[in-house]
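[1] this one's structure only:
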């Protein structure tokens, strides 16, 4: 055992990179120089120089390898290591010593397992666990851990876990509950830690990183991550293996403890979940299937998953670029055509904490989603187009995503508030619709985005399973989004009494619209969806004119009144007709 005092991680890593650069220079120079020396033959006067060059390359290589071993070990022993000098006690004097000991300690484990496979008794299994326990204090050295695993081999390593879980019901497919995993940690925890430590340091061969993960039963893989502190990469590889299975392939008669183990691991490391959702385009569909948590058979797992998603997806979580990619994949995956979130044989999701969590945290992306709607409806307004990668998101996918969330009434309320806040943030009231060209241009762009978010809400609401009265109230509120916002921002009123009268007028306008919608849905009128939409648009325009007159504003000319009406019509009419037809149909 040796002690290494005073290593600065950042400086050591810089030195490793510099030595690699030196090796590259020597490596590129050596072939040409040796060829020139051979050609010169006896006339070459500097034989010692060649040997010196070889010794320099070897010195860089050996020193770099030793320093990397020390750094790998340091990171395992002090996981939060940063800059500054750190002092740790190393278990081995060198990487070679660690490797030799790892190989030696693998032998009694393999022999004990072989004997257990023959006798299969409590006593033979106890000898297996004693042999694994002997490795526990040495596992923080990743060279030791890698050598131990290499000597055992993937098949023997897997067999150790399979012998442990073989009499525990559907554990191979469905995993194990926390209490059983805790018992297993005492027996096989050291081996799980060895795997996680060696993998984190990048010291496992391809047979461990690929074939082992692909061929090992899900229950064994989740036991590995539950008994150790896996890297983001390992955790996400296990998640892809577990979640990628068909939902119907899981046995419905026992709890899905695999999913519970993943949720627990991501609760401790939400950044890894954000990375999974960002890098794996299928992961959102797998994890967020509307019945994934509900069919698990594990109490309160849906609420637990919602909490983990909040940690991974809230506006302050992780890295902005990674978080944006995660959200893009979520919206595209959940909003895909034939999405299980929209009805179908899986049923809808009501009272879902997952829906409410997603609705709460999607607000920062309403601008891009509104821009997608605006691009479809106003292709001439290039300044309102979404940016990459949102420009590749189909507007219908965004609408279906919203519709999936709106099936939960609390989520729908959250989304309505977020859409109202978004329209207010546009601050369109600073720009008069009938002014100079630059001012009117600003107004038009912001009006397009306000219409875009209203259309997004309208399209999504067609999937909500509400009563007709609830739906009519929602539809009237969405239809009035541009008007209610315009009345508060474009005609601000300081007098509380007058402001109250304005708001009362807005409520009355909403009641009128709601009556139009309700009569249509209840078939109390011969009106069509088109005529009802026309009436809503006309009522919006009339309300703007009445509001101007009540507040002493300069009245609009006939052409301006028509322009206001046509602006509302262009932004909302088609979406209103579609929503009314789908609901009425």
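    It's in. Every value quoted in this text rests on a predicted model; they were computed, and no experiment measured them.
[2] Which of the helices and strands in this structure ranks last by mean pLDDT?
    In the chain, no helix or strand scores lower on mean pLDDT, DSSP states H and E than helix 481-489, which sits at a mean of 49.
[3] Show the low-confidence segments of the stretch 401-550 of the chain, by residue range.
    Low-confidence segments of the stretch 401-550 of the chain, defined by pLDDT under 70, are located at 424, 426-437, 439-444, 447, 464-465, 474, 477-510, 540, 543-550.
[4] can you give me the helices in it?
    Under the criterion DSSP state H, counting those that start in this stretch, the stretch 401-550 of the chain contains helices at 409-425, 437-461, 468-479, 481-489, 496-521, 529-550.
[5] again, but for the stretch 201-350 of the chain
    So, for the stretch 201-350 of the chain - with DSSP H, counting those that start in this stretch - the helices run 206, 212-215, 218-226, 232-243, 257-268, 270-279, 283-287, 301-313, 320-334.
[6] Can you tell me which of those helices is packed in deepest?
    Counting by mean count of other CB atoms under 10 Å, helix 218-226 has the highest mean neighbour count of the helices of the stretch 201-350 of the chain, with a mean of 25. Glycine gets a C-beta too; all of them are placed from N, C-alpha and C.
[7] quick check: angle from that helix to helix 232-243?
    Angle between the axes of helix 218-226 and helix 232-243 is 150 degrees (criterion: axes from the mean of the first three to the mean of the last three CA atoms, to 10 degrees).
[8] packing partners for helix 218-226?
    Counting contacts by 3 or more CB pairs under 8 Å, 6 or more residues apart in numbering; DSSP states H and E, helix 218-226 packs against helix 154-165, helix 171-174, helix 178-200, helix 232-243, helix 257-268.
[9] Please tabulate the ones you listed in CSV, including the columns distance to residue 128 and mean pLDDT.
    Putting the helices and strands packed on helix 218-226 into CSV (distance: least, CB to CB, whole Å; pLDDT from 0 to 100) gives the following:
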stretch, distance to residue 128, mean pLDDT
helix 154-165, 7, 91
helix 171-174, 18, 78
helix 178-200, 8, 90
helix 232-243, 24, 94
helix 257-268, 23, 95
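[10] so which of those comes closest to residue 375?
    helix 232-243 (33.0 Å; CB to CB).
[11] For residue 393, give me its contacts.
    The contact partners of residue 393, taken as CB atoms under 8 Å, 6 or more residues apart in numbering, are 328, 331-332, 368-369, 372, 386.
[12] 6 Å - rerun?
    Counting by CB atoms under 6 Å, 6 or more residues apart in numbering, residue 393 touches 332, 372.
[13] now the helices and strands packed on helix 218-226 as JSON lines including distance to residue 310?
    Converted to JSON lines, these look like this (distance: least, CB to CB, whole Å):
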{"stretch": "helix 154-165", "distance to residue 310": "32"}
{"stretch": "helix 171-174", "distance to residue 310": "26"}
{"stretch": "helix 178-200", "distance to residue 310": "22"}
{"stretch": "helix 232-243", "distance to residue 310": "18"}
{"stretch": "helix 257-268", "distance to residue 310": "11"}
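[14] Would you mind saying which of the helices of the stretch 201-350 of the chain lies nearest residue 472?
    Residue 472 lies closest to helix 320-334 among the helices of the stretch 201-350 of the chain, at 26.4 Å (CB to CB).
[15] Remind me what that closest one packs against, helices and strands.
    Helix 320-334 is packed against helix 270-279, helix 283-287, helix 395-406, with contacts defined by 3 or more CB pairs under 6 Å, 6 or more residues apart in numbering; DSSP states H and E.
[16] and the angle from it to helix 301-313?
    Using the same axes, to 10 degrees: helix 320-334 against helix 301-313 is 140 degrees.
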